[in-house]
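> This is the structure alone, sequence omitted:
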């Protein structure tokens, strides 16, 4: 019984921390975190296909045993640490990438983009490259 209550409490905690943004909320957050306007539609497309604009998503295990975390689905093999100590290339814990405050996730995503471009994300490669990108004209600056 105590175990069931603990699982329920944990689930409530994660649901309370989860956020699914509207498209325009996402655009405003990306702008606030310095994402370039000329790539904004690509970033929106990437996030929509990677996480559905949710901050709390953790992927199923990938074929190499890794997982992807948060809004940008950042992989734990190279970019974030699963220990309680920030580490790997983005010097963050994977849990920090699940926050509604997307500051750390944004910084890490921009670092990944700087090194690999959008090709680092299968969601972008498979659904955005060379395809119609989301319309963000109604999202005010």
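In hand now; what should we look at? What you are looking at is a predicted structure, and each value in this text was computed from that prediction instead of being measured. Numbering: from 1, shown residues only.

> rest of the way, CA atoms for contacts and neighbours
Will do.

> Which secondary structure state does residue 117 sit in?
helix (DSSP: H, G, I helix; E, B strand; the rest coil).

> likewise residue 138?
Going by three-state DSSP: residue 138 is coil.

> Once you drop chain neighbours, what's closest to it?
With sequence-adjacent residues excluded and distances taken as CA to CA, 6 or more residues apart in numbering, residue 138 is closest to residue 24, at 7.7 Å.

> show me the residues around the one you found that make contact.
Residues in contact with residue 24, defined by CA atoms under 8 Å, 6 or more residues apart in numbering, are 136, 138, 139, 140.

> Number of residues surrounding the first one?
In other words, residue 136. Residue 136 has 13 neighbours, counted by other CA atoms under 10 Å.

> same question, residue 94
Neighbour tally, residue 94, other CA under 10 Å: 28.

> ok, now how distant is the nearest residue to it once chain neighbours are set aside from residue 117?
For residue 94, ignoring the flanking residues on the chain, the nearest one in space by CA to CA, 6+ apart is residue 80 at 5.0 Å. To residue 117, residue 80 is 18 Å away according to CA to CA, to the nearest Å.

> more crowded one of these two?
It is residue 80, of residue 80 and residue 117, that has more neighbours when counted by other CA under 10 Å, with 26 against 12.

> pretty sure the residue nearest to residue 138 is in a helix, no?
Yes. Under three-state DSSP, residue 24 sits within a helix.

> Adjust the sequence numbering to begin at 28 for everything that follows.
With the count now opening at 28, the last piece we talked about shows up as residue 51.

> Quick check: pLDDT value at it.
Predicted confidence (pLDDT) at residue 51: the value is 98.

> try residue 42
pLDDT, residue 42: 42.

> go on, residue 33?
Taking residue 33 on its own, its pLDDT is 42.

> One more: the one 3 residues further on?
Predicted confidence (pLDDT) at residue 36: the value is 39.
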